[in-house]
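**Student:** need the 3D shape of this:
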Amino acid sequence: MTPYDTALRADCFATSRKLFDLLLAELADPVTGGLPHAELEIWCEQRGRRPVRQLLQDHLDLRADREEARLTAAHPPGRLEKGHHRLLATVVGTVMVRRCALRAPGRRNQYPADEALALPVGRHSHGLARL
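**Tutor:** Down below sits the predicted model:
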């Protein structure tokens, strides 16, 4: 039987929703309504990155919660180490990738999340590296 996914019940995207709602309110404001197109375009590009970065972060956090639950059920205590993370610079800003480490005596830690996400070795995402 598949375990019930409780992560979505708490609305893991609540912060993203709040940021998007704030963005909508700012766009509806009369001050923003008076901006010429060129300034409005710059404003949208700059202000739009924050909710999109938060969406990416919320998604990564959801994946981390799911990974932790899955690996906890599949590995004996002492082999799984929770609480690892790494920063990842992306085209929408820096995010934190939380992950679990699989440990074995005499071996390097394995990070299943890095493999599942196909993360690069360095700090820069593939998209940022392309730029």
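**Student:** which parts of this protein are helices?
**Tutor:** Listed in chain order, the helices of the chain (DSSP state H) span 14-28, 30-33, 37-74, 112-117, 126-130.
**Student:** as CSV, these with distance to V91 would be great.
**Tutor:** Heads up, the C-betas are built off the backbone N, CA and C, glycines and all. Shown next, in CSV, are the helices of the chain (distance: least, CB to CB, whole Å):
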stretch, distance to V91
helix 14-28, 17
helix 30-33, 24
helix 37-74, 9
helix 112-117, 15
helix 126-130, 4
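**Student:** mean neighbour count, distance to V95 and mean pLDDT for those helices - can I get that in a markdown table?
**Tutor:** Converted to a markdown table, those look like this (neighbours: other CB atoms under 10 Å; distance: least, CB to CB, whole Å; pLDDT from 0 to 100):
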| stretch | mean neighbour count | distance to V95 | mean pLDDT |
| --- | --- | --- | --- |
| helix 14-28 | 14 | 12 | 95 |
| helix 30-33 | 9 | 27 | 91 |
| helix 37-74 | 15 | 5 | 95 |
| helix 112-117 | 15 | 11 | 95 |
| helix 126-130 | 11 | 11 | 92 |
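**Student:** out of those helices, which gets nearest to R99?
**Tutor:** helix 112-117 (3.7 Å; CB to CB).
**Student:** list the helices and strands that closest one packs on?
**Tutor:** helix 37-74, strand 93-102 (3 or more CB pairs under 8 Å, 6 or more residues apart in numbering; DSSP states H and E).
**Student:** wait, what's in contact with the residue most central in space within the chain?
**Tutor:** Computing the C-alpha centroid of the chain and ranking residues by CA atoms, centre = their mean puts Q57 first, at 2.2 Å. For Q57, the contact set (CB atoms under 8 Å, 6 or more residues apart in numbering) comprises V95, M96.
**Student:** equivalent analysis for R98, please.
**Tutor:** L60, D61, A64, G83, H84, H85, A113.
**Student:** at 10 Å what do you get?
**Tutor:** 57, 60-61, 63-65, 67-68, 82-86, 113 (CB atoms under 10 Å, 6 or more residues apart in numbering).
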